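> Sharing a sequence plus its predicted fold:
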2 protein chains.
Amino acid sequence: MQDGPLHHLIKALSSLPGLGNRSARRIALHMLGRRESLMLPLARLLERAAAEIKACYICGNLDVLEPCSLCQDGQRAQNQICVVAQIGDLWAIERTGAYKGLYHVLGGLLSALDGIGPEQLGIEGLVLRTRSPDIQEVILALSATVDGQSTAHYVADRIMRTGLEITHLAHGVPVGGELDYLDDGTITTALRSRKASE
Amino acid sequence: MQDGPLHHLIKALSSLPGLGNRSARRIALHMLGRRESLMLPLARLLERAAAEIKACYICGNLDVLEPCSLCQDGQRAQNQICVVAQIGDLWAIERTGAYKGLYHVLGGLLSALDGIGPEQLGIEGLVLRTRSPDIQEVILALSATVDGQSTAHYVADRIMRTGLEITHLAHGVPVGGELDYLDDGTITTALRSRKASE
């Protein structure tokens, strides 16, 4: 048991983000009860995804196409680039349907603590892309954290040129957010950026 | 994207117990960044486990051996059977090292609400096993819930015979448990089952 396939499976599952030993055991047992309907299809999906999904060499998005379907989509505005840290952020923005431009995925945030410098992130590619006069706006959609904001400053410094508008997401009270549960920083920012009611 | 391998992978992952859409996305992205070291090995482990791990026809334990390594182990007491609902419970008892007899995994608990009757559980196999005069004790290690206790009553009724001792786990204050945080039922049971201090 201690070095059988079940033990190895549980160990591999427990190394996934958000899963511990207990949840890995639970998932392994759940799958062993559904081998044909869940376990083997999942194994094949993992193999297929590992083989077919590539990081787009232009924007860093993950897709089966190269360049990715977003970069290939002529319907999207070709003069805007939205810079995000991770693919998950790109998906979050796409889910809103509120943005119809291009993207650039950095692959992380600058972090002195974790030893992540500009060379580990896709910043050179972004600098090259934003030199094109076709690009008129770069939206820095980075987290409102220390790392996110220092990355935004660094990226803005690197890509700044005449005629390029550099913007960032508005800070404020989340829609549906209750004031009582918000942190002081958010309330302060929302107060300072207050707008005239219509 | 909506029907690509990534979408299917995330859908399959989010069907695992304890995982939602967000954690499934996070796990998929994590794996896509570690294809050779995590994603493909996990796919192979899933295939291997699905092919090699079998439910023991004697006790219901999961193992690559048939009968399982616990049933084959001559060092274990052959006169005790510990009845558990799930493999996870068997593992929990094995981790303690406090029990050295045989097991019987029911595969669940009787539940009128979920429509689980005696025929869905491994109760017939247990009845057959306990008819052997070699078996002197059956420990009902079932949860202290309504379903667990009604299953224990049903199983005890079915296997009862002269010379067979039927026991259950002691109820009481968990080791390290603080009285203030315990439910009333546990404290009542612990009071009623109080023992003389040594």
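Ah, there it is.

> measure the residue most central in space within chain A to chain B for me?
In chain A, the C-alpha nearest the mean C-alpha coordinate belongs to A:Q86, at 2.2 Å (C-alpha atoms, centre = their mean). According to C-beta to the nearest C-beta, to the nearest Å, A:Q86 stands 7 Å off from chain B. C-beta coordinates here come from the backbone N, C-alpha and C atoms, glycine included.

> who touches that residue in this structure?
A:V105, A:L106, A:G107, A:G108, B:L29 (C-beta atoms under 8 Å, 6 or more residues apart in numbering or on different chains).

> Looking at the residues you listed, which one is closest to B:Q80?
B:L29 (48.1 Å; C-beta to C-beta).

> Can you report how many residues lie near that closest one?
Residues lying near B:L29 (other C-beta atoms under 10 Å in any protein chain shown) number 17.

> So it: helix, strand or coil?
Secondary structure state of B:L29, per DSSP: H, G, I helix; E, B strand; the rest coil, is helix.

> And it, how close does it get to chain A?
6 Å.

> Now that residue. Nearest residue, chain neighbours left out?
Leaving aside its sequence neighbours, B:L29 sits nearest to A:I87 (C-beta to C-beta, 6 or more residues apart in numbering or on different chains; 5.6 Å).

> And that neighbour, how close does it get to A:E94?
Distance of A:I87 to A:E94, computed by C-beta to C-beta, to the nearest Å: 10 Å.

> just A:E36 next, same as before
34 Å.

> now A:H30
Taking C-beta to C-beta, one finds A:H30 at 31 Å from A:E94.

> Next: A:R22.
Distance from A:R22 to A:E94, by C-beta to C-beta: 34 Å.

> For these two, indicate the residue with more neighbours.
A:E94 (16 against 13).

> dump the residue contacts of the more buried one.
So A:E94 contacts A:L70 (C-beta under 8 Å, 6+ apart).

> Helix or strand next in line after the helix or strand that contains it, which one?
Per DSSP states H and E, A:E94 falls inside helix A:87-96. Next helix or strand after helix A:87-96 toward the C-terminus (DSSP H and E): strand A:102-105.

> Check the contacts of A:Q86 and tell me the two furthest apart.
That would be A:L106 and B:L29, which, of those, are the farthest apart (C-beta to C-beta) at 13.9 Å.

> Which of the three states applies to A:D134?
With three-state DSSP as the criterion, A:D134 reads coil.

> where's it relative to A:D73, distance?
15 Å.

> One more: A:I53?
For A:I53 relative to A:D73 (C-beta to C-beta), the value is 18 Å.

> Could you list the domains of chain A?
A:5-52, A:62-196 (automatic domain parsing).

> Let me know which of those is tucked in deepest.
Highest mean neighbour count of these: domain A:5-52, a mean of 18 (counted as mean count of other C-beta atoms under 10 Å in any protein chain shown).

> Below-threshold pLDDT in chain A: ranges please.
A:1-3 (pLDDT under 70).

> how about the helices of it, start to end?
Secondary structure of chain A by DSSP state H: the helices cover A:5-14, A:21-32, A:40-52, A:69-72, A:87-96, A:123-131, A:146-159, A:184-192.

> closest to B:L46 out of those?
helix A:40-52 (3.9 Å).

> chain center to stretch A:97-111: distance?
7 Å (C-alpha atoms, centre = their mean, to the nearest Å).

> Of the helices of chain A, which is nearest B:T145?
Closest among the helices of chain A, using C-beta to C-beta: helix A:21-32, at 17.4 Å.

> Quick one: list the elements packing against that closest one.
helix A:5-14, helix B:40-52, helix B:87-96 (3 or more C-beta pairs under 8 Å, 6 or more residues apart in numbering or on different chains; DSSP states H and E).

> What I need now is the ones you listed written out in TSV, including distance to B:S14 for each item.
Converted to TSV, the helices and strands packed on helix A:21-32 look like this (distance: least, C-beta to C-beta, whole Å):
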stretch	distance to B:S14
helix A:5-14	15
helix B:40-52	16
helix B:87-96	22
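
> give me every residue that touches the closest residue to A:A43 other than its chain neighbours.
The spatially closest residue to A:A43, leaving aside those adjacent along the chain, is B:L46, at 3.9 Å (C-beta to C-beta, 6+ apart). B:L46 sits next to A:L9, A:M31, A:M39, A:L40, A:L42, A:A43, A:L46 when contact means C-beta under 8 Å, 6+ apart.

> of those residues, closest to B:I159?
Among the contacts of B:L46, and counting by C-beta to C-beta, the member closest to B:I159 is A:M31, at 31.5 Å.

> pretty sure that closest one contacts A:L42?
Yes: contact criterion C-beta atoms under 8 Å: A:M31 and A:L42 qualify, at 7.3 Å.

> Turn the helices of chain A into TSV, columns for distance to B:Y99.
Output for the helices of chain A, formatted as TSV (distance: least, C-beta to C-beta, whole Å):
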stretch	distance to B:Y99
helix A:5-14	20
helix A:21-32	19
helix A:40-52	34
helix A:69-72	57
helix A:87-96	45
helix A:123-131	58
helix A:146-159	50
helix A:184-192	54
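
> which one of those lies closest to B:Q149?
helix A:21-32 (22.8 Å).

> Give me the residues contacting the closest one.
Under C-beta under 8 Å, 6+ apart, the answer for helix A:21-32 is A:6, A:9-11, A:13-14, A:16, A:19, A:38-39, A:42, B:16-19, B:46, B:49-50, B:53, B:62, B:86-88, B:91.

> try it again with 6 Å
Residues outside helix A:21-32 that contact it (C-beta atoms under 6 Å, 6 or more residues apart in numbering or on different chains) are A:L9, A:I10, A:L13, A:S14, A:L38, A:M39, B:L16, B:P17, B:G18, B:I87, B:G88.

> Next up, the contacts around A:S132.
Contacts of A:S132 by C-beta under 6 Å, 6+ apart: none found.

> Please repeat the previous calculation with a cut-off of 10 Å.
Contact partners of A:S132, counting by C-beta atoms under 10 Å, 6 or more residues apart in numbering or on different chains, are A:Q78, A:N79, A:I81, A:L164.

> got it, and A:D147?
A:A85, A:G108, A:L109, A:L110, A:S111, A:A112, A:L113, A:D114, A:I116.

> The same query, at a cut-off of 6 Å, please.
Per C-beta under 6 Å, 6+ apart, neighbours of A:D147: A:L109, A:S111.
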